[in-house]
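Enquirer: Return a 3D structure for these sequence lines:
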Amino acid sequence: MKKKFTLLVMALLVSAIAIHAQTLQWTYKDKALADGAVITVDTYDLVMGQMLLELGLKNTSAADQQVSVTKEEKRLAPGGEVQLCVGEICYPSQTYTTASFTIPANTENKTFHANYLVTDPAIWGTSSVVFTASIGAAKATVHVRFAYSGEVAGAALPLTYDRLLVLEEMTGTWCGYCPREIVALDRFEKAYPNKAAIIAVHGIDVMAIQAYIDRLQTDFPVGYPNTVINRKQAVNFYLYSATPIPEIAEEPAPAAVSLFAQYVSGDDQKLAVKIRSRFSSAVEGADYRFALVLTEDKVQGVSSDYNQYNYYSGSPEAMGGYESLPAVIPASQMVYRHVARAIYGGVDGFGSSLPASFPANEEQVFTYTVDLPGNIMNKENLELVALLIDAATGEVINAAKTSLGDGSPVGVGEVKTAAFDAKVYSLSSSLNVELSGIRQATKIAVFNVLGQQVASQTVQADGTIVFPLHTKNTVFVVKISSGQDSLVRKIYH
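Expert: Predicted structure coming up:
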């Protein structure tokens with residue numbers, strides 16, 4: 001009799017646990033998941049700097065249930081961390097179990113979500129996390145793969161019709177007047193950061209790509225120094241009024257271009273390139289092409305081949321410091337900017353880069369693999385520029401650029417170090433943003449974990465901006481935009 005009673009109690013317990021397990025079920029995209037189901041998240045929000053997992057928990061019982069969720073990080077990739085959130089409350093990544101929350105009877109709770117925070121956008125990897133929802137002893141699990149890859153990061157790059165100017169500088173070490181063009185382009189770059197891709201195309205010297213400069217001079221038969229703007233006109237940039245340049249840059253381009261590049265796994269001499277584009281109007285019977293230009297910044301040689309002739313030595317006219325340098329500047333005192341190291345596809349670009357006809361706003365994708373040339377001095381200073389060329393006119397109608405780094409996987413070209421700095425910190429009742437290096441109107445926007453903007457302010461100068469925030473124990477994302485520069489900061493408040 002006692003044995004039968006024990007078996008009956010055990011059966012009742014098993015039945016109760018089974019009933020609990022059945023009353024609690026994970027859902028994903030409005031579909032019920034079997035216990036232990038595996039799902040993959042592969043969408044990255046570039047602005048928020050995270051991958052968002054939105055799961056539902058369904059309570060099919062006739063009673064309210066107190067539920068908690070636990071995460072188990074089976075494998076966490078470097079450069080990322082996982083955060084549990086319920087509603088607007090997000091826990092620090094060091095918290096592994098949420099507080100209990102109520103799911104009413106016969107209701108699906110959609111307030112639970114998890115953020116895969118990308119702490120270093122340059123590090124790819126897949127993280128495996130198990131989420132377990134518990135009601136007492138009953139549990140429901142789901143296995144989630146956060147697949148953050150170069151492909152995922154590249155797909156998140158925005159496609160906007162902002163214009164990036166292409167400035168191809170005709171220059172050479174033997175050209176005594178060329179320092180004035182160097183000075184003018186440096187000034188432009190500082191005044192209008194990220195408005196242009198500057199490419200120093202050398203001729204008849206140690207850094208020359210002679211076929212490149214010869215073709216430019218065939219199309220634009222002018223002397224040195226001159227700068228070709230968007231393959232439409234060649235101007236002496238030092239003498240040319242800089243006023244129209246920003247106006248040109250502000251004009252919407254007919255096509256949007258986004259560039260992603262990373263070193264091929266196991267081969268730091270080869271780049272995998274992906275260009276995305278779309279046109280604002282339908283294209284019919286056209287010939288649009290992409291060309292790729294690899295540039296190296298801050299090139300400094302050691303031999304006399306890198307000496308720069310300087311006709312401004314001793315000049316009473318201020319010339320960016322060149323007036324104080326000798327008539328032949330030794331290599332040890334010269335640093336060359338944005339030197340063209342290779343052009344892929346030639347000056348005209350790769351044939352058949354895009355279809356001849358396609359509808360407006362249809363995304364086009366071009367992929368290519370290129371080898372680095374053997375003349376690179378410092379891979380940390382490499383930049384890749386994608387030129388979208390109208391082959392019928394030769395004009396560059398838009399462009400994109402991205403830094404490449406030292407050989408580690410990189411590629412989110414729009415995420416760069418800004419010309420200003422920001423410190424974001426949390427106080428008991430406010431979120432503070434301390435800005436330095438501000439040179440123009442700067443917008444600060446604060447977003448909650450749902451991506452909703454909760455505060456914003458535009459400032460004109462350095463200082464500390466205080467945002468009163470009364471929501472506690474959650475993460476906010478602060479995006480700071482100044483001209484073409486932007487910084488994104490996450491803060492737990």
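
Enquirer: CA atoms only: put the helix or strand hosting Ala197 into PDB for me.
Expert: For Ala197, the host element (DSSP states H and E) is strand 196-202. Provided in PDB are the C-alpha atoms of strand 196-202 (Å, rounded to 0.1, in the frame of the first residue of the first chain):
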ATOM      1  CA  ALA A 196      35.500  63.700 -49.600                       C
ATOM      2  CA  ALA A 197      37.800  60.900 -50.500                       C
ATOM      3  CA  ILE A 198      41.200  62.400 -51.300                       C
ATOM      4  CA  ILE A 199      43.500  60.400 -53.600                       C
ATOM      5  CA  ALA A 200      47.000  61.600 -54.200                       C
ATOM      6  CA  VAL A 201      47.900  60.200 -57.700                       C
ATOM      7  CA  HIS A 202      51.700  60.500 -58.100                       C
END
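
Enquirer: what residues does the following helix or strand past it touch?
Expert: Sequence-wise, the next helix or strand downstream of strand 196-202 (DSSP H and E) is helix 210-219. Contacts to helix 210-219, defined as C-beta atoms under 8 Å, 6 or more residues apart in numbering, come from residues 168, 170, 201-204, 228, 231, 340, 343, 346-347, 394. Just so you know, the C-beta spots here come from the backbone N, C-alpha and C atoms, and that holds for glycine as well.

Enquirer: mind running it again at 7 Å?
Expert: With C-beta atoms under 7 Å, 6 or more residues apart in numbering as the test, helix 210-219 has contacts from 168, 170, 201-203, 228, 340, 343, 347, 394.

Enquirer: what do you get for stretch 364-371?
Expert: Outside stretch 364-371, the residues that reach it (C-beta under 7 Å, 6+ apart) are 264, 269-278, 290, 292, 344, 353-354, 358.

Enquirer: try 8 Å this time
Expert: 264, 269-278, 290, 292, 294, 342, 344, 350, 353-355, 358.

Enquirer: buried subset of the residues you listed?
Expert: Neighbour-count burial (16 or more other C-beta atoms under 10 Å) is assigned, among the contacts of stretch 364-371, to 271-278, 290, 292, 294, 342, 344, 350, 353-354, 358.

Enquirer: In strands, which of those appear?
Expert: Among the buried ones among the contacts of stretch 364-371, the residues falling in strands (DSSP state E) are 271-278, 290, 292, 294, 342, 344.

Enquirer: okay if I get those as CSV plus distance to Lys401?
Expert: Formatted as CSV, those follow (distance: C-beta to C-beta, whole Å):
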residue, distance to Lys401
Leu271, 14
Ala272, 17
Val273, 12
Lys274, 14
Ile275, 11
Arg276, 14
Ser277, 14
Arg278, 18
Phe290, 13
Leu292, 10
Leu294, 11
Ala342, 15
Tyr344, 14
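
Enquirer: among these, which two are most distant?
Expert: Arg278 and Ala342 (27.0 Å; C-beta to C-beta).

Enquirer: Strands of the stretch 251-400 of the chain, start to end?
Expert: Remark: strands assigned in the stretch 251-400 of the chain by DSSP state E, counting those that start in this stretch are 255-264, 267-279, 288-296, 308-309, 328-329, 339-344, 364-371, 382-390, 395-403.

Enquirer: most packed of the ones you listed?
Expert: For these, the largest average neighbour count (mean count of other C-beta atoms under 10 Å) is found in strand 382-390, namely a mean of 25.

Enquirer: And this protein, what are its domain boundaries?
Expert: Taking automatic domain parsing as the reference, the chain has its domains at 2-149, 165-403, 421-492.

Enquirer: Would you convert those domains into JSON lines that also reports distance to Leu159?
Expert: As requested, the domains of the chain are exported to JSON lines (distance: least, C-beta to C-beta, whole Å):
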{"stretch": "domain 2-149", "distance to Leu159": "11"}
{"stretch": "domain 165-403", "distance to Leu159": "4"}
{"stretch": "domain 421-492", "distance to Leu159": "16"}
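
Enquirer: tell me, which of the ones you listed is the model least confident about?
Expert: If you rank the domains of the chain by mean pLDDT, domain 421-492 sits at the bottom with a mean of 77.

Enquirer: Now find how far off-centre that domain is within its chain.
Expert: Distance of domain 421-492 from its chain centroid, counting by C-alpha atoms, centre = their mean, to the nearest Å, is 19 Å.

Enquirer: if you skip the residues just before and after it, what's nearest to Asn59?
Expert: Ile103 (4.1 Å; C-beta to C-beta, 6 or more residues apart in numbering).

Enquirer: which residues sit in contact with the one you found?
Expert: Per C-beta under 8 Å, 6+ apart, neighbours of Ile103: 24, 57, 59, 64-65, 67, 109.

Enquirer: Give the bridge partners for it, please.
Expert: On the basis of DSSP bridges, Ile103 is bridged to Gln65.

Enquirer: roughly how far apart are it and Ser61?
Expert: Distance of Ile103 to Ser61, computed by C-beta to C-beta, to the nearest Å: 9 Å.

Enquirer: Could you verify that Arg163 is part of a strand?
Expert: No. With DSSP: H, G, I helix; E, B strand; the rest coil as the criterion, Arg163 is assigned coil and is not in a strand.

Enquirer: pretty sure it is touching Ala255, no?
Expert: No. In this structure, Arg163 is not within contact of Ala255 by C-beta atoms under 8 Å, at 9.8 Å.

Enquirer: joint contacts of the two?
Expert: With C-beta under 8 Å, 6+ apart, Arg163 and Ala255 have common neighbours Asn398.

Enquirer: circling back: may I ask which two of the contacts of helix 210-219 are separated the most?
Expert: Pairwise across the contacts of helix 210-219, and taking C-beta to C-beta, the largest span is found between His202 and Gly394, at 21.1 Å.

Enquirer: between the two, which one's more packed in?
Expert: Neighbour count, other C-beta atoms under 10 Å: between His202 and Gly394, His202 has more, with 25 against 15.

Enquirer: What residues are bridge-paired with the closest residue to Val235 other than its chain neighbours?
Expert: The shortest distance from Val235 to any non-neighbouring residue, by C-beta to C-beta, 6+ apart, is to Thr227 (6.0 Å). Assessed by DSSP bridges, Thr227 has beta-bridge partners Glu169, Val235.

Enquirer: Show the contacting residues for Thr227.
Expert: By C-beta under 8 Å, 6+ apart, the neighbours of Thr227 are 167-170, 181, 185, 234-237, 240.

Enquirer: now do Ala422
Expert: With C-beta under 8 Å, 6+ apart, Ala422 has these contacts: 433-436, 478, 480, 487, 489.

Enquirer: rerun that using 10 Å as the cut-off
Expert: By C-beta atoms under 10 Å, 6 or more residues apart in numbering, the contact list for Ala422 reads 433-438, 442, 444, 465, 478, 480, 482, 487-489.
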